[in-house]
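Undergrad: Attaching a predicted model along with its sequence, questions to come.
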Amino acid sequence: MCFMRFGESGSKLLKIVQTAQFSRGDEELMKKIAVENKIVQDKMKWIRENTGEDDVDEEISLNYMLLKNFLDRNTRILRNYKFARIQLVQSILFQGKKPSEDLLRPELSRDVRLAVEQRYSEFPFIDFAEGRPPLELYVQILTLDDCGVVMDGDEFVELKKNRVYFLRRKAVDHLISMKLAEDKDMHATPMDEEAFNKFKEELECFKPLLPEAVTEHLMHKAGLECSDPNVKKYVSLVGQKFITDIAASAMQYHKIYQKAALKDKRMPREKKVTLQMCDLEKALEEHGIDISRPFYYM
């Protein structure tokens, strides 16, 4: 007989989700996780009922927190498992194929369907059959004042005056309503078809310096799947223009510092220039990018 350590069932089920190798043996893992959850819930209940306010110390608080984190972990793994199964079924159906019996077992189909319906209901404005990122969840803002720090996903972003930022809308909605930031998308003027066609013709003669393979990798990493070569070319040109602007600004700062440092006007000008970190830091700061942290973050 093989005994599993506490939490090992969840780790195995998580690996199944990551590899999408579903099988009938998954049910046993789910049952073991349910047993673990019941044990943890009973232990947490016992702590709540048998610990007074004056008895709560650091050890009890830490133990309770670890139990809760373990329970939350198991719950997330179970939800992800059910969601991953239905996503796989959905993708197979979209391809016109028939899912295997392992994916459509009757005893799990109801729970899977309910989990997916609940998940989809939280995002009524998203078409899950569409693979492009939901840009309506993001907003480009111009800060009208120093707005402090906001939490965007897992990162802290310091918002400084007269800078442009592209962030999650829910992170900056309060700043827009308080007139501390301006939604640039609201004031954007759409390009008419004739102007767009002219712009498209002018770009045909340009070849981006950024290789197409690099652009595809960066787009894929950002969650943007696109097979249109024109779109890839436009993305490459935008990136090239952005880098060019930063390099030009850095060069300008270098010339300013060099002129201030030269005491003897008869000294020859440099034919070759090596930009310093201070030049790049100032140039990036103009574009709303802060690199004041140590260099290994870059």
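TA: Received, thanks. Residues are numbered from 1 along each chain as shown.

Undergrad: And what about K179, helix, strand or coil?
TA: Following DSSP: H, G, I helix; E, B strand; the rest coil, K179 is assigned to coil.

Undergrad: now C226
TA: Per three-state DSSP, the secondary structure class of C226 is coil.

Undergrad: Relative to E212, how far out is E202?
TA: 20 Å (C-beta to C-beta, to the nearest Å). (Each C-beta comes from the backbone N, C-alpha and C, glycine too.)

Undergrad: ditto for C278
TA: For C278, the distance to E212 (C-beta to C-beta) stands at 34 Å.

Undergrad: List the buried residues of the longest helix anywhere in the chain.
TA: Among the segments of the chain that qualify as a helix by DSSP state H, the longest is helix 58-94. When burial is assessed from 16 or more other C-beta atoms under 10 Å, helix 58-94 yields the following buried residues: 64, 67, 70-71, 74, 77-78, 81-86, 89.

Undergrad: can you map out the helices along the stretch 51-200 of the chain?
TA: Per DSSP state H, counting those that start in this stretch, the stretch 51-200 of the chain has helices spanning 58-94, 106-121, 169-177, 193-203. These are given in chain order.

Undergrad: quick one: the helix or strand following the last one to chain centroid distance?
TA: Read in the C-terminal direction, the helix or strand following helix 193-203 is helix 212-221, with elements assigned using DSSP states H and E. Between the centre of helix 212-221 and the centre of its host chain there is 16 Å, according to C-alpha atoms, centre = their mean, to the nearest Å.

Undergrad: show me the contacts for E53.
TA: With contact taken as C-beta atoms under 8 Å, 6 or more residues apart in numbering, E53 is in contact with no other residue.

Undergrad: And the one 3 residues further on, by the same measure?
TA: By C-beta under 8 Å, 6+ apart, V56 lies in contact with nothing.

Undergrad: Now do the contacts for K232.
TA: If you count contacts by C-beta under 8 Å, 6+ apart, then K232 has 212, 215-216, 219, 226 around it.

Undergrad: worst-scoring helix or strand of this protein, pLDDT-wise?
TA: helix 106-121 (a mean of 62; mean pLDDT, DSSP states H and E).

Undergrad: quick one on the thing from earlier: compare the helices of the stretch 51-200 of the chain and report which one is nearest to S11.
TA: Nearest to S11, of all the helices of the stretch 51-200 of the chain, is helix 58-94, at 8.4 Å by C-beta to C-beta.

Undergrad: how about low-confidence regions in the stretch 1-150 of the chain?
TA: Across the stretch 1-150 of the chain, residues meeting the criterion (pLDDT under 70) sit at 1-4, 90-117, 119, 125-136.

Undergrad: and the residue nearest the centre of the chain, how far is that from R168?
TA: With the centre of the chain defined as its mean C-alpha position, the nearest residue by C-alpha atoms, centre = their mean is G153, 7.1 Å away. For G153, the distance to R168 (C-beta to C-beta) stands at 7 Å.
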